[in-house]
Each structure stands twice: as C-alpha cells, then as structure tokens.
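Participant: need a structure here:
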Amino acid sequence: MCGLTGYLLKNETESDSSTVLDMLALQRHRGPDDSGILGINIHNNNLEELEVKEPLPFNIKPNLIFGFNRLSILDLSPAGHQPMIHQASKVALMMNGEVYNAFDYKPELIDMGFSFKGNSDTEVVLYLYLAFGLEGMLERLNGMYALAIYDGRSKDLYLIRDRMGIKPLYVLHESSRIAFSSEMKSFKALPDFKFQLDEQQLSEFLLFRNSINNTLFQNIVNITPGTYWKINSAGEIQVNTYYNIRKEGEAKADPLYREKLGQALRNAVKRQMISDVKLGCQLSGGVDSSLVTAFAAETLPKGALETVSIVFKERHFSEKIFIDQVADQYALQSHQFTLDAKAYLDLIDEAVWHFEQPLNHPNTIGIKLLSREARKHVTVLLSGEGADEALAGYSRFLPNHALFFSKNTLMKALKSRRALVEFISVWTDNAQRYLMQTAFGGFGTALSLYPKFSVKQALKGRKEIWDSIEDSPGRKKRKYELLTYLPDLLMRQDKMSMAHTIENRVPFLDNQMIAAALQIPDSELIQFKNGIWEGKVLLKDLCAVIFGKDFAYRDKMGFGIPLKSFFSSADFLKKWNASYLPGIEKRGLFQVKSLKKWVNQPSKMNTEQLDALWLMVGFEIWAKQYLD
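Facilitator: Model (predicted):
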C-alpha cells in the first residue's frame, strides 16, 4: 500500500525534480518507508532515476515524471523499491495496493526465464505484464491496485484502476499536461495550478453525497473501476474497459449456495492475510466484520489476532456487546476506542484534508479515529466493506421498501413540496424510485440550500448506469450499488486509513468472492423469515452458525453517529458562529436560512436535515482548504 503520483507534459520538458518532490511530500503519509523518482523522455526513450533528497536536475530532459511513496507490506527490503524498472524493455511500473494471488504465478514466470530480485508482488506484476501483455496481466490479477505503467517499446503510458475501485487513481487533464495521483492534494504542487469548483456536480452531490467516479473539482476524475487509460506520447487518451461487473454472475440451481459462499469468504480472508507486517481486523460487531474476524482468527494461533473497534457512550449507537462477544469467543486482543462529540471537532479539519472532498458520511470521523489508534497496534486491517452491496444487505433491497403508496411516500412528498412536480415524476417511475433509495437528501431540502438544484442533473448519470444493467431485479440492484454506492465508501476507507499509514483490505471484494456472490439468485438472499423480510440471508445464516441467531438476525445498525449530540455541543456552536456560518454566507453558494433554523433547534432536526447540515459544514471546511 503506497502512493503514486506523476505527470506528462505535452509540449515541454522538465528541468528538475522539485515539482515531483513537492507532490510526494503532500502524500508522504501513504508511504513513509521509501520513495523513488523517475524521469522519462518519451521521445528518445531515455529513463533517469534521481535520489529523493533536495531538488536535483534531470540530465535527460524528461516529459513524463513518476514519483512513488512506499509503505512496505510484502518484501520489506530495497528489492521492492518503486518505480520498478525493467531496463531491457524500458518498462517502468508503479503500483499502489496488493495483489493477493501474485505468488501463484512466480513458478511459471521463473520457468519462462524471468529472474527475481526480491519477493514483492510488484515484481510479479511487472513480469506478468512483460510475459502476457496488459490485458493478459489484468485478467490474472486478484487484488486491489492502482497502476501506472510506461512501456518504452510502444511509448505509451497506462493508468489502471482495480476491478472494484478499492484504490484511488485521480487524473487531472489540462491542455498542456496530464497529472495523476493517489491523492488529489498532490496536484497543489503543480506550477500554475489552482483547484476550482465544478458546480455541475453539486446537484448530484447534494442528493447522493457523492458524484460517481467524479470529483467536485474541474478537470479531475477518479478513473472508473475496471478500466485503464492508454495515453500516447502526444497526450491523446483512449479509455478501455477490462472488467465489467454488468457481465458477472449467472444464476444456477445449486443446493450448496451457503457452503460455497462461506468457502469463498474463507479463501478470500486467507488470501488477504499475506503480510510481512502486523495484521488485524476492523471489528464493528456487525455480521460482515464479525465473519471476516472469525475466519481470520481461524488461520492464526488462539489469541494472536488483534482487532480494533469504535464504541459510543450512547448505548443505542454502540455495538460493544457484540464486539465483546466476538472477542471473547475467539480470545481476541480487542482494542476499543470511544468516539464522542469532542472528537468530531478535534478531527474534522484533518479528516476533510485527507478525504479531499466534503465529509459526506459523518462516520468518516470514526474511521479516522479508529485508523489513528489502530496504527499503534497493526499496519494492515481487514474490514467487512462490500458485503451489503454484493449480498443485498440494505433495507432498500426488500420487497416492502419504497412502496408506491405508503406513509413513507407521503412524508417524502411533503418534504419535497417545493419540487412536487419533479417528485411525482420520479416517484411514479419504478427505476428512479429505486435510485432515490440511495439518496441521503430530498428535493425540498436540496432546493432550500441550493436554488440552482436540478433533479434531472442529479439523476442523469445514475439513471444511465441503471439502464446499462440487464439482469434479474435483485441482482440488477446489487450491481447498481456496487457501481454507484460502494465506490464512495471505499474512498472513505482508503483515505482515512492511509492518513495514518494503515492498509485496509476488503475480502468481500475479492475476485472469487464477487463471482460467488453474483451467482446467487435473489430468492436465496432475500426471504420472509420470522414474520419479516430479511436481506443477506445466506451470510446471516453463516453468521448464525458461529455466533447464534440472535446475533445474526438482529436489526442492522450500520455505523451510526449521534449527530444531534454533536450539533448541540457548546464547542460546535462556538465554531459554527465564529467560522462555519460566516464562511458559508460569504461564499454565496448556499442559502443559510434553513441552516440557521436547524442549528437553533437541533433536537427537532430530522435525519435528512442532520445529514444536510453535516454536508454544509464539511463543504465549508473543504472549500477553505482547497478552493480559497
């Protein structure tokens, strides 16, 4: 797990390493163990490595620059140094991430004549590229990765993001250059560059808290998962898809779905436990993380596995009782940390800086606190992210959710009365009604904050993704969630963990685990049990075998945050009046009438208003850091 960065100059060359050094410094937290700089003159195919010290001149006048910060996980020796270069072919590679099946190919590559200098997965990936080409390499990789590859034979640059988008890879595309990085803050170091707001993204952002594989910055995108960019020496870009989850999964009658799902998860956990540094589990007490923890504990001596957890003083938010049950059952070394209102204000500015977008999910603060404290104990954490999307874990998957006529529908209509025509248009369309289940805001709230809010603009990209999926109703929803909702959660995990040099792994998104999950028909995952509709049934049944039915079939809590306590605190109100509110008013993007009313009566705020206020606070902090 590391950080990569670099840039391609279309019409000029670079004189020294000062810019890339500054870019690396801005994401040093991603890889403090080692750094590397490589200059490439694409026109005459010369490569030059520089020491990562003070700015040094390039002799070859490169127009492509690679920079890398390394967090050593596999092969802690200098043999894992990056950028990694194959001199004979003039191929250079940078990889942020881990490939869990890399060493399965090592014997074959040795037989083919490749000589290994070390034991890193990066070296295996480099040789897979040389042996089988780009597509051949990618079809073999099972892991999480962002790759930058320069091939001197074709003089092409490839920028590649893993199948599910676990690792970020941002690209800034301007007329004179293309820059790329694991974190957008590195672009601050580029000469004559300033972050600018892309207001076209605000409608989608206000409704859904994110803009799919896009950013709130002009000219910056996060490469779509499962795709790669091929960039030639002139800076011309060709986007290619190498993995399309829309084509994954074909339901087949199988009486052993639960057993096969359990075996796939066990195998994924075992695969992802490869590490030359200390590894633990992120344990929330929910079904997903508890299963990952149980299977991880089975691979180690009793009492050897360490876990980290966030708990709350407010008992109705805390899952401490279930965390303790898992810890006791497997004799875990359980590290638990309390999140309270004070921690929000202590951490929020730093969290926004690392997240690089407004803090859309309040529990991002919890993940940051957890990562900070976890670093005192481990370097790698396994988490349960991805299970709800792949295996129908959210209430919106259930048949009785979002009925056309219901009390819930009436309440939504009342809240959206300022945009009632648009609400009726959306709610009477089955597809768009489902899309709105993943929204955190409503039309009325969005309009009260942002008069330019456009329902059409907010839904456009998501409707296109929904329409592009042809599958059974339930599996279509799961694929949609994996393509739209999950990417934002993965970026939250990546940014908050890497802020404290923690590698976060997600066994539920293992290639074979996703394949197994999307083979399962809807009827096996969503069933009427104990008088109610239940989702994620096969996984809950697996959990019940280990921890009992009461544990597995309790009401889903997620990672709740007591926002009312936060917004009622004296510390928040002081900061609101002194900084947040004046900043929002001065910026002039959002109206503050509703915000003032909500803050004056925090106990009366509904969930939608709490989320909106949180979003506005996060936006103002982010704007000060990145736009001002």
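Participant: Leaving aside the residues adjacent along the chain, what's closest to residue 393?
Facilitator: Spatial nearest neighbour of residue 393, excluding adjacent residues (Cβ to Cβ, 6 or more residues apart in numbering): residue 536 at 4.0 Å. For the C-beta atoms, the positions are set from N, CA and C on the backbone; glycine is no exception.
Participant: Please tell me I have it right and the one you found contacts residue 390.
Facilitator: No - using Cβ atoms under 8 Å, residue 536 makes no contact with residue 390, being 9.3 Å away.
Participant: related to what we said a few turns ago, pull up the gap between the residue nearest to residue 393 and residue 322, please.
Facilitator: Distance, residue 536 to residue 322, using Cβ to Cβ, to the nearest Å: 16 Å.
Participant: Over to residue 520?
Facilitator: 25 Å.
Participant: More neighbours: which of these two?
Facilitator: Taking other Cβ atoms under 10 Å, residue 520 and residue 322 do not tie; residue 520 has more neighbours (26 against 22).
Participant: neighbours around the nearest residue to that one once chain neighbours are set aside, how many?
Facilitator: Excluding its sequence neighbours, the residue lying closest to residue 520 (Cβ to Cβ, 6+ apart) is residue 257, at 5.5 Å. Residues near residue 257, counting by other Cβ under 10 Å, number 19.
Participant: do the same with residue 15
Facilitator: By the other Cβ under 10 Å criterion, the neighbourhood of residue 15 contains 12 residues.
Participant: Verify the contact between residue 172 and residue 186 for me.
Facilitator: No - judged on Cβ under 8 Å, residue 172 makes no contact with residue 186 at a distance of 9.5 Å.
Participant: what is in contact with the two at once?
Facilitator: Applying Cβ atoms under 8 Å, 6 or more residues apart in numbering, one finds that residue 172 and residue 186 are jointly contacted by residue 179.
Participant: So the two - more neighbours on which side?
Facilitator: Remark: of residue 172 and residue 186, residue 186 carries more neighbours, 29 against 22, as counted by other Cβ under 10 Å.
Participant: State the distance from the residue nearest to the more buried one when sequence neighbours are not counted to residue 568.
Facilitator: Once flanking residues are discounted, residue 186 sits nearest to residue 23: 4.1 Å by Cβ to Cβ, 6+ apart. Look at residue 23 and residue 568: by Cβ to Cβ, they are 41 Å apart.
Participant: of these two, who's got more company?
Facilitator: residue 23 (26 against 16).
Participant: where's residue 150, which helix or strand?
Facilitator: Assessed by DSSP states H and E, residue 150 sits inside strand 143-151.
Participant: just for the stretch 301-450 of the chain, where's the confidence low?
Facilitator: Counting by pLDDT under 70, the stretch 301-450 of the chain contains low-confidence ranges at 314-317, 400-419.
Participant: Helices along that one, start to end?
Facilitator: Taking DSSP state H, counting those that start in this stretch, the helices of the stretch 301-450 of the chain run over residues 320-329, 341-355, 364-374, 387-390, 407-415, 420-427, 430-435, 443-449.
Participant: Strands of the stretch 51-200 of the chain, start to end?
Facilitator: 64-70, 84-86, 91-99, 143-151, 156-161, 170-173, 177-181 (DSSP state E, counting those that start in this stretch).
Participant: Relative to residue 448, which of those is closest?
Facilitator: strand 170-173 (31.9 Å; Cβ to Cβ).
Participant: Who does that closest one pair with, and is each partner parallel or antiparallel?
Facilitator: strand 177-181 (antiparallel), strand 220-222 (antiparallel) (DSSP bridges).
Participant: Please work out which of these is packed deepest.
Facilitator: Among the strands paired with strand 170-173, ranked by average contacts under mean count of other Cβ atoms under 10 Å, first place goes to strand 177-181 (a mean of 24).
Participant: How far away from the center of its chain is the following helix or strand past that one?
Facilitator: The C-terminal neighbour of strand 177-181 among helices and strands, as given by DSSP H and E, is helix 202-208. Put simply, helix 202-208 sits 18 Å off its chain's centre (Cα atoms, centre = their mean, to the nearest Å).
Participant: if we can go back for a sec, with mean pLDDT and distance to residue 240 as new columns, can the strands of the stretch 51-200 of the chain be given to me in CSV?
Facilitator: Converted to CSV, those look like this (pLDDT from 0 to 100; distance: least, Cβ to Cβ, whole Å):
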stretch, mean pLDDT, distance to residue 240
strand 64-70, 95, 20
strand 84-86, 96, 22
strand 91-99, 97, 18
strand 143-151, 98, 13
strand 156-161, 98, 9
strand 170-173, 98, 14
strand 177-181, 98, 16
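Participant: Would you confirm that residue 35 contacts residue 69?
Facilitator: Yes - using Cβ under 8 Å, residue 35 is in contact with residue 69, at 5.3 Å.
Participant: Please enumerate the shared neighbours of the two.
Facilitator: Shared contacts of residue 35 and residue 69 (Cβ under 8 Å, 6+ apart): residue 24.
Participant: you'd agree residue 534 is up against residue 553?
Facilitator: Yes - with contact defined as Cβ under 8 Å, residue 534 reaches residue 553; the gap is 6.9 Å.
Participant: Could you pull out the residues contacting both of the two?
Facilitator: residue 540.
Participant: where's residue 112 relative to residue 158, distance?
Facilitator: For residue 112 relative to residue 158 (Cβ to Cβ), the value is 22 Å.
Participant: Who has more neighbours out of the two?
Facilitator: residue 158 (19 against 12).
Participant: List the contacts of that one.
Facilitator: Applying Cβ under 8 Å, 6+ apart, the residues near residue 158 are 134, 147, 148, 149, 150, 151, 228, 229, 230, 231.
Participant: what sits opposite it in the beta ladder?
Facilitator: Applying DSSP bridges to residue 158 gives these bridge partners: residue 149, residue 230.
Participant: neighbours around residue 476, how many?
Facilitator: 17.
Participant: And the average pLDDT for the strand or helix carrying it is what?
Facilitator: Assessed by DSSP H and E, residue 476 sits inside helix 473-484. Average pLDDT, helix 473-484: 96.
Participant: ok, and for it, which residues are buried?
Facilitator: 474, 475, 476, 477, 478, 479, 480, 481, 482, 483, 484 (16 or more other Cβ atoms under 10 Å).
Participant: end to end, how far does stretch 192-212 reach?
Facilitator: 28 Å (Cα to Cα, to the nearest Å).
Participant: Actually, stretch 269-281.
Facilitator: Using Cα to Cα, the end-to-end distance of stretch 269-281 comes to 11 Å.
Participant: That one: which residues count as buried?
Facilitator: Across stretch 269-281, burial judged by 16+ other Cβ under 10 Å covers 269, 271, 272, 273, 274, 276, 279, 280, 281.
Participant: Just the ones of these in helices?
Facilitator: 269, 271 (DSSP state H).
Participant: So what's the residue count around residue 210?
Facilitator: Neighbours around residue 210, by other Cβ under 10 Å: 24.
Participant: Which of the helices or strands spans it?
Facilitator: Counting by DSSP H and E, no helix or strand carries residue 210.
Participant: any idea of the pLDDT on the spatially most central residue of the chain?
Facilitator: Centroid-nearest residue in the chain, with Cα atoms, centre = their mean: residue 490, separated by 1.9 Å. For residue 490, the pLDDT comes out at 96.
Participant: Would you quantify the distance from it to residue 361?
Facilitator: For residue 490, the distance to residue 361 - Cβ to Cβ - is 12 Å.
Participant: For residue 614, which residues are in contact?
Facilitator: Contacts of residue 614 by Cβ under 8 Å, 6+ apart are 359, 362, 563.
Participant: Many thanks, we can stop here.
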